[in-house]
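Novice: turn this into a structure:
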Amino acid sequence: MPPAEPHHPQRALAPAGDHYAQLLEEAAAIPGISLWKDARRRLRRNRTAMASLILLTLVGLVSWLVPLWPLQSPKQQDLQRQYLAPSLATVSLQLAEVGDPMRFAQRVDQLWHQPGWFDGGLIQLRLGLFGDWCLPSLCGTDNLGRDLLSRIVWGSRVSLLVGIVATLVSLVIGVTYGATAGYVGGRLDNAMMRFVDVLYSVPFIFVVIFLITVLNQEDIKRELARYGINKIVIFFIVIGAIYWLTMARIVRGQVISLKKNEQFVEAARTIGAGRARIIFRHLVPNLMSVVIVYLTLTIPSVMLFEAFLSFLGLGVEPPDVSWGMLANEGIKNISPLQTHWWLVVFPGLALALTLYALNFLG
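Specialist: Coordinates of the predicted model:
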């Protein structure tokens, strides 16, 4: 009987090592897909969401560059054109007749209510491109003869800005508050969440009405004006400061789940990372998918709330204009004897399309 061949462990492991090396080569040849790439690919497949994204992009560009478009003045009053139905009649700014440069500058300030340096530059470019020519009153005119199309486009600035800024304020407060409560836990978490429950029990509309009423007092307005704070800025902050409660609850729940189930939190503690670093460098970035989806649903809620306050006369004040304010003016000018439908239909349509697009995208 021949002697048994000696056992060599390396020779036995060699085929397995070659197999693993081959698998690694095949895996390296396959391009990886990150979570963001996968999300963008799924977004492109959703036609409704892509159409909503395109619509919102166009609305944002039109709103940002509104002084550049050949629109009529949003503030010029002409009682001879009072309650004019939508028409295609040509309209002129009548600036070419003003020869004096000083009077020309005063006329520009009257038509666009003292525009800033950015809007002023766009207005000069608009006058150089289109001159006195303006788009017709495609959406009709209001009770003072002002072009409704121009006021809707200019009002989109305030409505969109309220939604974006107030949502960002709620994002900062809600994410910071909820992530801190969820990570620290214990008595601090209970105290912070009970405070949120107390705030939930307070009707928001009464809080906002109370704050805006107090801040509208003349002495307080003058004191705030010294620091460059006007009613629009206060409006943004107040609305954002009351919309962070749900964000805080969502973030807190996600942080508690990650803290218990994910090992990267324990690894960060092991290397000596502090609480703030773990919360804002490790936990919050892993929550962005949930936060972004909730933000796209918060923006329409904030815009609708601004429209409701403007409808009550507590929101934007003249000479500023918003979609809610236009709808309020339209309702006031409708009576059983005269139904000027365009005063309500077009502002409401602009607000509804934007809100639908934001919800579909979210």
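Novice: and the longest helix for this protein?
Specialist: helix 148-184 (DSSP state H).
Novice: who's in contact with the next helix or strand after that one?
Specialist: Sequence order places helix 186-200 as the next helix or strand after helix 148-184, per DSSP states H and E. Under the criterion C-beta atoms under 8 Å, 6 or more residues apart in numbering, residues 177, 180-182, 242, 245, 248-249, 252 lie in contact with helix 186-200. In this view, the C-beta of every residue, glycine as well, is placed from N, C-alpha and C.
Novice: if we use 7 Å, what do you get?
Specialist: Identification of contacts with helix 186-200 by C-beta atoms under 7 Å, 6 or more residues apart in numbering yields 177, 181-182, 245, 248-249.
Novice: kindly report the same for stretch 44-63.
Specialist: Counting by C-beta under 7 Å, 6+ apart, 43, 153, 156-157, 160, 353-354, 357-358, 360-361 sit against stretch 44-63.
Novice: list only buried entries from the residues you listed.
Specialist: Taking 16 or more other C-beta atoms under 10 Å as the criterion, what is buried in the contacts of stretch 44-63 is 153, 156-157, 160, 354, 357-358, 360-361.
Novice: looking at the contacts of stretch 44-63, which two lie furthest apart in space?
Specialist: Farthest pair in the contacts of stretch 44-63 (C-beta to C-beta) is Leu43 and Val153. Separation: 27.8 Å.
Novice: for the longest helix of the chain, name the packing helices and strands.
Specialist: Contacts defined by 3 or more C-beta pairs under 7 Å, 6 or more residues apart in numbering; DSSP states H and E place helix 148-184 against helix 47-64, helix 186-200, helix 231-242, helix 245-261, helix 288-311, helix 323-332, helix 342-361.
Novice: returning to that earlier point: and of the contacts of stretch 44-63, the nearest to Val316?
Specialist: Checking these against Val316 by C-beta to C-beta gives Arg157 as the nearest, at 10.5 Å.
Novice: pretty sure that closest one sits against Leu65.
Specialist: No. Contact criterion C-beta atoms under 7 Å: Arg157 and Leu65 do not qualify, at 10.4 Å.
Novice: mind showing which ranges of this structure have poor pLDDT?
Specialist: Within the chain, the segments meeting pLDDT under 70 span 1-20, 22-36, 96-101, 228, 230-231, 311, 313, 315, 335-337.
Novice: tell me which residue lies nearest the centroid of it.
Specialist: For the chain, the residue nearest the mean C-alpha position is Ile164 (2.6 Å; C-alpha atoms, centre = their mean).
Novice: nearest spatial neighbour of that one, skipping sequence neighbours?
Specialist: Ile299 (6.6 Å; C-beta to C-beta, 6 or more residues apart in numbering).
Novice: can you give me the strands in the stretch 1-150 of the chain?
Specialist: All strands of the stretch 1-150 of the chain, identified by DSSP state E, counting those that start in this stretch, fall at 91-92, 133-134.
Novice: before we move on, back to that, so which of the buried ones among the contacts of stretch 44-63 is the closest to Leu258?
Specialist: Leu361 (25.9 Å).
Novice: quick one: the residue nearest to the closest one when sequence neighbours are not counted from Val290, how far?
Specialist: Distances taken as C-beta to C-beta, 6+ apart place Ser52 nearest to Leu361, at 4.4 Å, with adjacent residues excluded. Look at Ser52 and Val290: by C-beta to C-beta, to the nearest Å, they are 20 Å apart.
Novice: these two: which is more packed in?
Specialist: Ser52 (21 against 14; other C-beta atoms under 10 Å).
Novice: distance check, the more buried one against Pro300.
Specialist: Distance from Ser52 to Pro300, counting by C-beta to C-beta: 11 Å.
Novice: ditto for Glu223
Specialist: Distance, Glu223 to Pro300, using C-beta to C-beta: 34 Å.
Novice: could you check which of the two is surrounded by more residues?
Specialist: Pro300 (20 against 11).
Novice: got the contact list for that one?
Specialist: 355, 358-359.
Novice: gap between the closest residue in space to Asp78 that isn't next to it in sequence and Pro285?
Specialist: Nearest residue to Asp78 in three dimensions, chain neighbours excluded: Gly145, at 3.7 Å (C-beta to C-beta, 6+ apart). From Gly145 across to Pro285, the span is 53 Å (C-beta to C-beta).
Novice: which one's more surrounded, those two?
Specialist: Gly145 (16 against 10).
Novice: touching, that one and Leu79? I think so.
Specialist: Yes. Counting by C-beta under 7 Å, Leu79 is a contact partner of Gly145 at 5.4 Å.
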